[in-house]
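Q: Next come a sequence and a model predicted from it.
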Amino acid sequence: MDLTELLKIANAERNKQKSIRVHCCTSTGCQAANSLSVKNNLATAVKESGLSDRVEVVGVGCMGFCGRGPLVQIDPEDTLYEEVTPEDAPSIIDALNGGVVKPIQGDSQHPFFARQMRIVRQNTGKVDPESIEEYIAVGGYQSLYKAIYDLTPTEIVQEISKSGLRGRGGGGYPTGLKWATVAKMAGEQKYVICNGDEGDPGAFMDRSVLESDPHLVLEGMAIAGYAVGANHGYIYVRAEYPLAIQRLQKAIQQAKRYGILGSQIFESPFDFKIDIRIGAGAFVCGEETALIQSIEGKRGNPVPRPPYPAESGLWKWPTLINNVETLANIAAIIREGADWYSSIGTENSKGTKIFALTGKIRNNGLIEVPMGISLREIVEEMGGGVPEGEIKAVQTGGPSGGCIPASMLDIPVDYDSLSKIGSMMGSGGMVVMDRATSMVEVAQFYMEFCREESCGKCVPCRAGTVQLDALLTKIVNKKATMDDLTKLEALCQMVKDTSLCGLGITAPNPVLSTLRYFKEEYLELIQANNLDVSLTS
Amino acid sequence: MSVRTLTINNIPVAIEEGATILEAAKEAGVTIPTLCHLEGVSDVGACRLCLVEVENINKLLPACVTQVTEEMVVHTNTPKLQEYRRMAVELIFAEGNHVCAICVANGNCELQDAAIQVGMDHTRFPYRFPDRHVDVSHSQFGIDHNRCILCTRCIRVCNEIEGAHVWDVAQRGENCYIASGLSQPWGEVEACTSCGKCVDACPTGAIFRKGTTSAEKQRDRAKLEFVVNAREKQEWTR
């Protein structure tokens, strides 16, 4: 396979595609809402209406508006249909012939779509994730070709550094610096790991990327492998994402068949193979050292850093470990250049970020927005606000993040602004809460989550989260005293400062941030206890 | 071999490159409380008692696994560290079922020692009273999970010195326990050589010799060091 052949495949695929494409979402969310039957009925309707010569029905990845699934979109006229039932299918096809459709048409110009900027999700919802030809037709794998033939590994690392890309898994570590470290390490064997162990409650960005555009991640990994000198990659996906695993497996096979993965990629001396490893249900395995232990077949316990994986990672070899979304940015940066990428976003946070908008919000789903957009724009304009009443807070960063009060909605969404106010970017979960939500209960929910997900290795996280959960439960049940609140604050600080890995270090964040912005709710519940005591005594 | 110089609690120390802060502290005559650390086996940094403050580093570092660097300025006993250590020991006591009065290790227990060292006379956290078990299926030894603090020393001596890998951790979080074999009764684990190293390694009375009663547990800790020295340095006399 060389560039001419790649372009030939792209051309052939483009010529094969019919002038009208009916896109039907086949991602997990829409599948659960019966989108596969919708797709079948659409295909039957096309056949029966005799439009087969110019219309085709294509199963595509996530279109983002998951709360209104199943979604059907007509390309190129850009009509969007929401909450489509299998019975609606004939009328949608009929509309292509000038018929009238039942009123299920959505607004594709809604701020939810119009405000987005798609880099990672540029192909999702447009290409069939199970077809490598469709990916190639939209320019896929040309970045890998460019990386191998037009750039040196050092130039690639420089390009990524210059782009300002930072880790999308939550930490926000500069990606270029990580790549440079691994590239500079001596070692006859190196590895690239893609961290797809997304586990924050309410977050499903990585699942959607893996399900909707698996080749984009594979291409990013192969470029990373070439840049750092690795010839073997692992994708670590949680077992709860069966569709993502299935599509990745298919994608790897297809890429191998074309000589885009495996030995002598694009007939160059560069070899890169990718294997999939499936998680067994532990949240802590999203922590890089625990993830590496898990790939090695050991118990998924974190180990102290340093040494960092870049120095001594998988089987003690230098290892580059990046999140799904980070790797999905790579192809675009190589294609369009670092200057283009760094023109998007804020000074220290470049590019775009995908968020999963969930909770008490009208428009549930996935959005990709440029860094620096205000939280208010995301929640109120794109998300349409809460269905009833007012917004109280937005939780970002999952169990490691914090709750941002409605009064601070105008802050720009970037790494530094969020951590300054006690929350964090995290992997991109964004849970909106209305006035009816008790913030103490929210804090207790996340603490319970961390307690259950603690691996049990270090004392503060194993025993501390148990006591924190107990204290929060006591407060929620109106049984607590001011003394308990003092204990809660002291223990939060201790668990944060002394835990071994990120899980324990960040576990108190939801408590600390709600204590910071909603302390009166804690005090009210404690006072309610004192009232009970005085009434009964 | 190159040497690093640093100060620990304002005491200057010179020590070979690659040594840990814990080793340097020992050299300087500074005691840092530890529980999961055991001479002769690898370190895991799990108990967090040995955390120290290093100037110009904004997080606490475990002394057992942190290598010294040139001109490092270490503080091992600041008020913050004292408070955190005390709280960690409180958490350990509240987590298991530790009843000193009826324990084989009473008076000879590293958890007791740690409590005295950090000044913990009571725990401010409610006892969890977990439902844990005792396994006395082995002909010579027993394991009482009520007294276990999950330091994983037994796992490491069995793995790294005896090479039998009888022990491992099962479950996660608060439900963790030390499992023998494939979570079988200890007496049925064929891999066990009955060497007793785990008894010597255990800091509390969790793993004990059958027949010992309250306050009778003795440890031959020097044996572990002897075995390691014998293998590594070929010193076969004790």
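A: Yes, it's here.

Q: for chain B, what are the nearby residues on chain A?
A: A:282, A:284, A:299, A:301, A:303-304, A:451-460, A:462-467, A:470, A:487, A:490-491, A:494, A:497-500 (CB under 8 Å from any CB of the partner chain). (Glycine included, C-beta is placed from N, CA and C.)

Q: Mind giving me the PyMOL select for these, buried ones only?
A: Selecting only the buried entries of these in PyMOL, with 16 or more other CB atoms under 10 Å in any protein chain shown as the criterion:
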select buried, chain A and resi 282+284+299+301+303+304+451+453+454+455+456+457+458+459+460+462+463+464+465+466+467+470+487+491+494+497+498+499+500
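
Q: Please list all residues in contact with the residue in the stretch 1-150 of chain A that chain B sits nearest to.
A: Using CB to the nearest CB, A:Thr28 is the residue of the stretch 1-150 of chain A that sits closest to chain B, at 26.3 Å. Residues in contact with A:Thr28 (CB atoms under 8 Å, 6 or more residues apart in numbering or on different chains) are A:Phe204, A:Arg207, A:Glu211, A:Tyr241, A:Leu243.

Q: In helices only, show me these.
A: A:Arg207, A:Glu211, A:Leu243 (DSSP state H).

Q: what's the spacing between the last one and A:Gly428?
A: So that's A:Leu243. Distance, A:Leu243 to A:Gly428, by CB to CB, to the nearest Å: 19 Å.

Q: If you count surrounding residues, which of those two has more?
A: In terms of neighbours (other CB atoms under 10 Å in any protein chain shown), A:Gly428 is the more surrounded of A:Leu243 and A:Gly428; the figures are 28 against 15.

Q: Compute the number of surrounding residues for A:Phe445.
A: Other residues lying near A:Phe445 total 17 when counted by other CB under 10 Å.

Q: secondary structure class for it?
A: Assigned with DSSP: H, G, I helix; E, B strand; the rest coil, A:Phe445 falls in the helix class.

Q: Let me see the confidence value for it.
A: Listed pLDDT for A:Phe445 reads 96.

Q: what's the helix or strand for residue 155?
A: Went with chain A since none was named. A:Glu155 belongs to helix A:153-163 when assigned by DSSP states H and E.

Q: my bad, chain B
A: Assessed by DSSP H and E, B:Ile155 sits inside helix B:153-156.

Q: That helix and chain A, are they touching?
A: No. Judged by CB under 8 Å from any CB, helix B:153-156 makes no contact with chain A; its nearest approach is 10.5 Å.

Q: before we move on, the earlier item: counting neighbours, which of the contacts of A:Thr28 comes out on top?
A: A:Glu211 (26 neighbours).

Q: how about that one, what does it touch?
A: A:Ser27, A:Thr28, A:Gly61, A:Cys62, A:Pro129, A:Tyr241, A:Leu243, A:Ala244, A:Arg247.

Q: Now pLDDT too, for these, in JSON lines please.
A: Compiled in JSON lines, the contacts of A:Glu211 are given as follows (pLDDT from 0 to 100):
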{"residue": "A:Ser27", "pLDDT": "95"}
{"residue": "A:Thr28", "pLDDT": "94"}
{"residue": "A:Gly61", "pLDDT": "96"}
{"residue": "A:Cys62", "pLDDT": "95"}
{"residue": "A:Pro129", "pLDDT": "97"}
{"residue": "A:Tyr241", "pLDDT": "97"}
{"residue": "A:Leu243", "pLDDT": "97"}
{"residue": "A:Ala244", "pLDDT": "97"}
{"residue": "A:Arg247", "pLDDT": "97"}
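
Q: Return the member of these nearest to B:Leu91.
A: Proximity of these to B:Leu91 was ranked by CB to CB; the top entry is A:Tyr241 with 34.9 Å.

Q: so who does the closest one touch?
A: Counting by CB under 8 Å, 6+ apart, the residues that A:Tyr241 touches are A:Thr28, A:Gly196, A:Glu198, A:Arg207, A:Leu210, A:Glu211.

Q: Between these, which sits nearest chain B?
A: Comparing the contacts of A:Tyr241 against chain B with CB to the nearest CB places A:Glu198 closest, at 19.0 Å.

Q: Make sure I have this right: the closest one is in a helix.
A: No. Applying three-state DSSP, one finds A:Glu198 to be coil, outside a helix.

Q: Phi first, then psi, for it.
A: Note on A:Glu198: its backbone torsions stand at phi -70, psi 120 [degrees, to the nearest 10].

Q: show me the contacts for residue 145.
A: In the absence of a named chain, this looks at chain A. A:Tyr145 neighbours (CB under 8 Å, 6+ apart): A:Leu3, A:Leu6, A:Phe266.

Q: I was after chain B.
A: B:His145 makes contact with B:Arg132, B:His133, B:Val134, B:Asp135, B:Tyr177, B:Ile178, B:Ala206, according to CB under 8 Å, 6+ apart.

Q: give me every residue that touches the last one.
A: Looking back up the chat, that one is B:Ala206. Listed by CB under 8 Å, 6+ apart, the contact set of B:Ala206 reads B:Ile143, B:Asp144, B:His145, B:Asn146, B:Arg147, B:Cys148, B:Ile149, B:Ile178.

Q: ok, back up a step: can you redo the contacts of A:Tyr241 as CSV with distance to B:Glu188?
A: Below are the contacts of A:Tyr241 laid out as CSV (distance: CB to CB, whole Å):
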residue, distance to B:Glu188
A:Thr28, 44
A:Gly196, 40
A:Glu198, 40
A:Arg207, 43
A:Leu210, 44
A:Glu211, 46
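
Q: May I ask which two of those are separated the most?
A: A:Thr28 and A:Gly196, at 13.9 Å, using CB to CB across the contacts of A:Tyr241.

Q: In three-state terms, how would the residue positioned nearest the centre of chain B be classified?
A: In chain B, the centroid-proximal residue (CA atoms, centre = their mean) is B:Cys36; its distance is 2.6 Å. What three-state DSSP gives for B:Cys36 is coil.

Q: Repeat that for B:Val169.
A: At B:Val169 the chain is in strand, as set by three-state DSSP.

Q: Who are the contact partners of the closest residue to it other than its chain neighbours?
A: Take B:Val169 and drop its neighbours on the chain: the residue closest to it by CB to CB, 6 or more residues apart in numbering or on different chains is B:Cys176, 5.5 Å away. By CB under 8 Å, 6+ apart, the contact set of B:Cys176 is A:Gly456, A:Arg462, B:Leu150, B:Val169, B:Ala170.
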